[in-house]
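Engineer: sequence-free structure coming up:
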């Protein structure tokens, strides 16, 4: 299972789970402060998909084009989750 993070637009956050090359589940959040909903959105996605963080093989991030700050938030969260 792969976690996809798309934060290229600061006000619209998209997270998804991908398995065998296909997107299984997607959640979106529109918020003035998009970065503040990223971690709760990831938690909610894992919960509604009955997935534990331990089964994630990798994390993918959309690297643009888009908002530099938004992309930086997505990459930082992906790095932290990978650690």
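Structural biologist: Looks like it came in fine. This is a predicted model, so every value here is computed, not measured.

Engineer: As a quick check, tell me the outermost residue of this structure.
Structural biologist: Ranked by distance from the centre of the chain (C-alpha atoms, centre = their mean), the top residue is residue 20, with 17.6 Å.

Engineer: That residue and residue 1, how far apart?
Structural biologist: With the distance defined as C-beta to C-beta, to the nearest Å, residue 20 ends up 9 Å from residue 1. C-betas here are computed from N, CA, C, even on glycine.

Engineer: For the protein, just list every one of the strands.
Structural biologist: 2-9, 12-19, 22-30, 58-61 (DSSP state E).

Engineer: got CSV for those strands, with mean neighbour count and distance to residue 68 too?
Structural biologist: As requested, the strands of the chain are exported to CSV (neighbours: other C-beta atoms under 10 Å; distance: least, C-beta to C-beta, whole Å):
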stretch, mean neighbour count, distance to residue 68
strand 2-9, 20, 10
strand 12-19, 20, 16
strand 22-30, 13, 20
strand 58-61, 16, 13
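
Engineer: Dump those strands to CSV, plus mean pLDDT.
Structural biologist: Putting those into CSV (pLDDT from 0 to 100) gives the following:
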stretch, mean pLDDT
strand 2-9, 92
strand 12-19, 93
strand 22-30, 92
strand 58-61, 94
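
Engineer: out of the ones you listed, which comes closest to residue 72?
Structural biologist: strand 2-9 (8.4 Å; C-beta to C-beta).
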